[in-house]
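Chemist: generate coordinates for the sequence data below:
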Amino acid sequence: MISMRKKYPVTLLVLVMLFSLFSSVQAQKIVQNTDPQKRLDWYSQHAGMKESSSFKEMDWQFLGPTNVSGRVTDVAVVSPVNKNYTIYVATASGGVWKTVNEGTTWETVFDQDITTSIGDVTVAPSNPDIVWIGTGEANIFRSSMAGAGVFKSVDGGETWRNMGLTDTNTIPRIVIHPTNPDIVYVAAAGHEWTNNEARGIYKTTNGGRSWEKILYVDKKTAANDLIMDPNDPNILYASFWQRVRERWNDPRNEPGYSGSGIFKTTDGGESWTPINEGLPDAQYRGRIGLDLCLTKPNVIYAFVDNYDIAASSEGRTDSYGRETQGRIKGATVFRSDNSGRTWTQTSPEDNYMGYLSATYGWVFGQIRVDPNDENTIYVMGLALNVSYDGGRSFKRLPGMHGDHHALWIDPDNSNYLVNGNDGGVVISYDKGGNWRQFTHNLPAVQFFNINYDMDTPFRVYGSVQDHGSYRGVVNITEGTGGSRTIQPVEFERAPGGEGCSHAIDPRDPNIVYSAGFYGSIQRSDMSKTMTIRRGNRTYTRTQTENILPTVPPGEPPLRGQWVAPFIISPHDPDVIYHGMQYLYRSMHKGDNFERISPDLTYNDPRYIGDIPFQTIMDISESPFKFGLIYVGTDDGKVHITKNGGETWEEIMKGLPYRKHVSRIVASKYDPATVYMTQNGKRDDDFEAYIWRSTDYGKNWESIKGNIPCGPVNVIREDPQFSNVLYVGTDLGVYVSIDGGAGWEVLGGNLPSTFVSDMRIHPRENVIIASTHGRGVWVMDANPLYQRLRRR
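Modeler: Residues are numbered from 1 along each chain as shown. The predicted structure follows:
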């Protein structure tokens, strides 16, 4: 037990933490890397539960937003365009979408399977009914979902079959032979978070019935890109990228890295030759994108994330306010005019290129060459950039959302472009001068979380990947026989950023608290505005105050999660709690804070990096007693205080070691009961971790019951029935009506995408689920309640 009654020096607290770390947990081991066959078996169990669920007739209703889309990772267009209007769109976590009328309408063709995270979609050149998808977004964001191999359709996306390579988890590229659709090559990037041997280039000659790994570097190095010579399908070029995502660092070149580079085969993959002459040294080569000119295939371009240091950045901060030690050269374009034998850098080393991808070159890495002009190239980064002189100069193409990942250029008409970015898919008919957008009918929206207010009608609030925070009104229409419908709506901007949690004062829906990425926190009054002047321009915005706690001189900087947690006390709406590595409390709406805990994480110096890690992930205060608080962290620590932070006790008996705590909930029905979920995604662990304690956390029992798999993201109690629990996983929503003894899939029509958060509105009886890939969905809880009352 740790006491806060005496203000111990920070150095002493650190020593205590380190002694505890190295003396008490050395023998423990992190559970990692679920067997891929287990994942397939677990999904089959889930699909069976969904089909047999007694709740499958209860429909989820899509709430929105109807005016926002989400991250597109790839596009495939059936050509020739003037005879076909079919486009396939791969999304980061919202499945695959198809249009047969060039975007007038879209339909989902892949959203009910083991994963909806897509890295690549490819149409066979010789048969447009044959479509392959590689699952698992290869951009490896912090919120990316794992894939489960490759899928094939032979009927234009009507049906799909899993064709193997399940353990690859991320697939950036599939290439199909131009005349024989049974010959397929797959670039497999492998696990996001852990090393694995499924990385490499694979080939099938029988349509996917069997696979041969034809190029492999090592268990740390991903196959990242793959292109084929249009004149000779036995000539292929492959790029490899040595990478892994750590919880405390984005993917980066680590000391000793040497695996990234380019290979070439001239015999269909029988043999490969490294072709890196003229590229940066291996230690500086990060992610590499490739493309060639279809009409002059000896001209090849490589887009290299160059880790050589360009300039000192001492004292500067990045886009998220984190201090940087030095700016890398970053986006660098190389050209070969001799089929890859030698490379020459064509791009300048200036601020434009330095900030084209910023320090996020691991996110982008895509380049396209105009099929009819070898000197016109497009490079994707924070913007879509075009060069008309082989990469010697660039300009941005305006008129669309940022963060670009996909581009298709019509080989018969270079003016026709189809682009995919974090805002969705766009089409240009004039080489990027103007863009047609589809935010209204392709809702691949990635919400991190959800909350509600107590207004009439009530609103939901959430934060969206790369879009900021939004809110939408929930309009309930009463129908005959007690039925209720909720129509999809446009959302409007709300306080907060893209990685942000919200809490709304239950007494006044205009008072909105929002915690931005890495722990910044604000209080906004939606009824008031403030004027901001920047140069000659004047802006009006909601009155907002920054209320982040300050750090005394000499103490370590605060560490906050990407979506840092904070809550309003259920006992007094003036009291708020905010979680960093410490727990803070304000008794006055955030006007001032006091620290009421020591560092509640492992605080291991080995895991201090560019990304704040070892931070509080969730907070819950018991409705029964003020100051009875539970805290869970992203490195697997769990604590309780029963006296408002004066003393703290670890409550981790029987829990898996260092497993990310995704949610902790103090029961509203029993003062000693608490629920918790843990998420193994960051260990490539797909077990379901769902816990309950009935003795203030002294002992934990698993209540996962018949839920076959995770990752598990959230658990909630029902506000009316003590035995009703809800769980959100990467596959959907489960409900238990017997306190966790048994579970059923809730609803039959929810896409099998990442359910990031759930809430149940206590007045309106509406279940709210945010998904990280398909927006916000709601369900009328009254039919469930009526059924329970009849029992």
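
Chemist: list the buried ones in stretch 583-602?
Modeler: 583-586, 589-590, 593, 595-602 (16 or more other CB atoms under 10 Å). No exception for glycine: its C-beta is placed from N, CA and C like everyone else's.

Chemist: closest one of these to residue 95?
Modeler: residue 601 (35.5 Å; CB to CB).

Chemist: and the closest one, helix, strand or coil?
Modeler: For residue 601, the assignment made with DSSP: H, G, I helix; E, B strand; the rest coil gives coil.

Chemist: contacts only, for it.
Modeler: Contacts for residue 601 (CB atoms under 8 Å, 6 or more residues apart in numbering) come out as 581, 614-616, 633-635, 637.

Chemist: picking up where we left off before, could you identify the most distant pair in the buried residues of stretch 583-602?
Modeler: 589 and 602 (32.0 Å).

Chemist: give the buried residues for the longest strand anywhere in the chain.
Modeler: Counting by DSSP state E, the longest strand found in the chain is strand 296-312. Burial within strand 296-312, assessed by neighbour count using 16+ other CB under 10 Å, is assigned to 297, 299-308, 310.

Chemist: which stretches in the stretch 151-300 of the chain count as helices?
Modeler: Using DSSP state H, counting those that start in this stretch, the stretch 151-300 of the chain contains no helices.

Chemist: now the strands for it?
Modeler: Per DSSP state E, counting those that start in this stretch, the stretch 151-300 of the chain carries strands over the ranges 161-162, 173-176, 184-188, 200-204, 212-215, 221-228, 236-242, 261-265, 273-274, 285-293, 296-312.

Chemist: helices or strands next to the fourth one in the packing?
Modeler: So the one you mean is strand 200-204. For strand 200-204, the contact count by 3 or more CB pairs under 8 Å, 6 or more residues apart in numbering; DSSP states H and E identifies strand 184-188, strand 212-215, strand 221-228 as packing neighbours.

Chemist: got it, and the fifth one?
Modeler: In terms of contacts (3+ CB pairs under 8 Å, 6+ apart), strand 212-215 is packed against strand 200-204, strand 261-265.

Chemist: show me the shaky parts of the chain.
Modeler: Scanning the chain for pLDDT under 70 picks out the ranges 1-27, 311-326.

Chemist: and residue 721, how many residues sit next to it?
Modeler: Residue 721: 16 surrounding residues under other CB atoms under 10 Å.

Chemist: just confirm it contacts residue 787, I think it does.
Modeler: No. Judged on CB atoms under 8 Å, residue 721 makes no contact with residue 787 at a distance of 10.6 Å.

Chemist: which residues touch residue 507?
Modeler: By CB under 8 Å, 6+ apart, the neighbours of residue 507 are residue 573.

Chemist: just say helix, strand or coil for it.
Modeler: coil.

Chemist: residue 109 now?
Modeler: With three-state DSSP as the basis, the three-state label of residue 109 is strand.

Chemist: how close does it get to residue 89?
Modeler: Look at residue 109 and residue 89: by CB to CB, to the nearest Å, they are 10 Å apart.

Chemist: just want to know which of those two has more residues nearby.
Modeler: With neighbours defined as other CB under 10 Å, residue 109 and residue 89 compare such that residue 89 has more, 31 against 20.

Chemist: Three-state assignment for that one, please.
Modeler: strand.

Chemist: quickly find the element holding the residue nearest to it when sequence neighbours are not counted.
Modeler: Leaving out its chain neighbours, the residue that sits closest to residue 89 by CB to CB, 6 or more residues apart in numbering is residue 97, at 4.5 Å. Assigned by DSSP states H and E, residue 97 belongs to strand 96-99.

Chemist: packing partners for that strand?
Modeler: Partner elements for strand 96-99 (3+ CB pairs under 8 Å, 6+ apart): strand 87-91, strand 107-110.

Chemist: out of those, nearest to residue 526?
Modeler: Comparing these by CB to CB, strand 87-91 comes nearest, at 31.6 Å.

Chemist: give me the sheet partners of the closest one and which way each runs.
Modeler: Strand pairing for strand 87-91, determined by DSSP bridges: strand 72-77 (antiparallel), strand 96-99 (antiparallel).

Chemist: what's the most buried one of those?
Modeler: Using mean count of other CB atoms under 10 Å, the stretch among the strands paired with strand 87-91 with the largest mean neighbour count is strand 72-77, at a mean of 25.

Chemist: how far does that strand sit from its chain's centre?
Modeler: With CA atoms, centre = their mean, to the nearest Å as the basis, strand 72-77 stands 18 Å off its chain's centre.

Chemist: from residue 632, how far out is residue 595?
Modeler: Going from residue 595 to residue 632 by CB to CB gives 18 Å.

Chemist: and for residue 642?
Modeler: The value you get for residue 642 to residue 632, if CB to CB is used, is 16 Å.
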